[in-house]
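1. Here's a sequence, model it:
(one chain, ligands or ions: 2)
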Amino acid sequence: MKKLGILGSTGSIGVSTLEIVADFPDQFEVVTLTAGNNLTRLEEQIRRFRPKMVAVISPEGAETLRRRLGADAPEILSGVEGLVACACDPDIDMIVSAIVGAAGLVPTMAAIESGKDVALANKETLVTAGPLVTAAVKRLGVRLFPVDSEHSAIFQSMEGHRMDNVRRLILTASGGPFRNRPLAEMRCVTPADALAHPNWSMGRKISIDSATMMNKGLEVIEARWLFDVLPERIAVHIHPQSIVHSLVEYIDGAVIAQLGIPDMKTPIAYALSHPHRLPLNLPPLDLCGLRNLTFDEPDLERFPCLGLAYEALAMGGTAPAVLNAANEVAVEAFLNGEIPFLEIASVIRATLAGHEVKNLEHIDEVLRADLWARKQARQVAVKIAGGGQAC
Ligand code: NAD
Ligand code: MG
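-> Ligands and ions are numbered 1, 2, ... in the order given. This is a model prediction of the structure:
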């Protein structure tokens, strides 16, 4: 029986994780759950999975939950302290890190520091603090299992192989909803257009990141730290069918890939039960029914966010944390109708350009850079919004 803490249980990854837990009740038990503001869904999850402790963002939210659950209420905490308590509970074997954004960093790091294995969906943890996280993982001897489908594919394609035999990692990208959209037509796409991902059903923020291809940029940074591979050995190929989830090229020319239907349950389940596989009830991959599998170079002119991520990685130190925070602010501004789609990259570029890179010695530097970048990016976004360039 593996005892789980699920950070971000009400989101897309959190809900899929709990579906797996429900299907394998003799293998998993839920000890803690955390959520942002979706109290109704969290209440349902508490009634069903009976965690001993939960946390939400605000004290008011915690109070509302206590009132609604009455005698059925577990211990209900709030704020970052609440998240950290739910990440570090001594009964937990593994944390599923599925909060969206940089908000996932502190509780995920706390889980690692308290010796928990982590199933990592929150890529922002590695993007913002990669070297600190991997050092802590090594020091504490815990294991980090990727949930992101590309990284799970690479992880699976490297099992049993030596790292020094790897020549290149090839991350696949669907290309998102605007893969074939000419630049001129991308300017005035709406949030609804951008949220309509062709292959995957995901949370709002990562869906916009897929449309700008910043998601792939964040994944390049994630791969750099997760697999300890230099950026020049990480390539991105556009693969619209989302069947080949990523590939590893070896020094003898062999290329090993992992394939499957696009469903996050496969990588989530593998992270939860490694090295075992769970008999998931998913439709099989119909290889003969696939008409073709295609691969292409990404277009950095139409998708500048991908290039910005490589730039931030080359700048090093606090730069990826700044890239990430500026992106979160810009995505929010786009979703609120404040800035046009193509200005997401402008906000990030301007914020990065104004940043004085610092070395990463401690998580506090990451948090300071994140705060600075949010303020800076907000100012840039407001300026763009006021510049009358909206659609
Ligand atoms: P989501 O928006 O659906 O869910 C996010 C969860 O985090 C929710 O439970 C929400 O309540 C909680 N949350 C949000 N802000 C919070 C805050 N400030 N403090 C505490 N909790 C907060 O997101 P998602 O699509 O499930 O993605 C979660 C993570 O997994 C992201 O880092 C994303 O990049 C990664 N990921 C998602 C997918 C996918 O298919 N959805 C695939 C690969 C990786
Ligand atoms: Mg991914």
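
2. For the chain, give the residue positioned nearest to ligand 1.
-> Gly11 (1.9 Å; C-beta to the nearest ligand atom). (C-beta placed from N, C-alpha, C; glycine too.)

3. Number of residues surrounding the nearest residue to that residue once chain neighbours are set aside?
-> Nearest non-adjacent residue to Gly11, counting by C-beta to C-beta, 6 or more residues apart in numbering: Gly203, 5.3 Å away. Neighbours of Gly203 under the rule other C-beta atoms under 10 Å: 17.

4. Contact partners for Gly203?
-> Gly203 is in contact with 11-13, 100, counting by C-beta atoms under 8 Å, 6 or more residues apart in numbering.

5. Just the ones in helices from those, please.
-> Taking DSSP state H, the ones among those that sit in helices are 12-13.

6. Quick check: beta-bridge partners of Ile95?
-> For Ile95, the beta-bridge partners are Gly5, Val118 (DSSP bridges).

7. so it touches Lys3, yeah?
-> No: counting by C-beta atoms under 8 Å, Ile95 sits too far from Lys3 to count as a contact (10.3 Å).

8. These two: which is more packed in?
-> Ranked by neighbour count (other C-beta under 10 Å), Ile95 and Lys3 place Ile95 first, with 28 against 17.

9. Point out the residues in the chain that sit beside ligand 2.
-> Applying C-beta under 5 Å from the ion, we find that the chain lies next to ligand 2 at 148-150.

10. Now stretch 129-139 - C-alpha only, CSV.
-> Output of stretch 129-139 as CSV, limited to C-alpha atoms (Å, rounded to 0.1, in the frame of the first residue of the first chain):
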residue,chain,number,x,y,z
ALA,A,129,14.9,25.9,-9.2
GLY,A,130,16.4,22.9,-11.2
PRO,A,131,19.9,22.8,-9.7
LEU,A,132,18.6,23.2,-6.1
VAL,A,133,16.0,20.6,-6.5
THR,A,134,18.2,18.0,-8.2
ALA,A,135,20.9,18.6,-5.5
ALA,A,136,18.4,18.1,-2.7
VAL,A,137,17.1,14.9,-4.4
LYS,A,138,20.6,13.5,-4.5
ARG,A,139,21.5,14.6,-1.0
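
11. For it, buried residues please.
-> Neighbour-count burial for stretch 129-139, counted by 16 or more other C-beta atoms under 10 Å, picks out 129-130, 132-134, 136-137.

12. Nearest to ligand 2, out of those residues: which one, please.
-> Gly130 (16.3 Å; C-beta to the ion).

13. give me the residue from the stretch 51-200 of the chain nearest ligand 2.
-> Residue of the stretch 51-200 of the chain nearest ligand 2, by C-beta to the ion: Asp148 (4.2 Å).

14. That residue: how many residues sit nearby?
-> Residues near Asp148, counting by other C-beta under 10 Å, number 28.

15. Surely His237 touches Thr294?
-> No: the criterion here is C-beta under 8 Å, and His237 misses it with Thr294 at 9.4 Å.

16. Those two: which has the busier surroundings?
-> Legend: neighbour count by other C-beta under 10 Å for His237 and Thr294, higher for His237 (18 against 10).

17. Among the buried residues of stretch 129-139, which ones are in strands?
-> Among the buried residues of stretch 129-139, none falls in strands (DSSP state E).

18. So which residues of the stretch 251-391 of the chain form helices?
-> With DSSP state H, counting those that start in this stretch as the criterion, the stretch 251-391 of the chain has helices at 265-273, 304-315, 319-335, 343-353, 363-386.

19. Asn359: what's it in contact with?
-> When contacts are counted by C-beta under 8 Å, 6+ apart, Asn359 touches 317-318, 365.

20. For this protein, give me the ranges with low pLDDT.
-> Along the chain, segments meeting pLDDT under 70 span 388-391.
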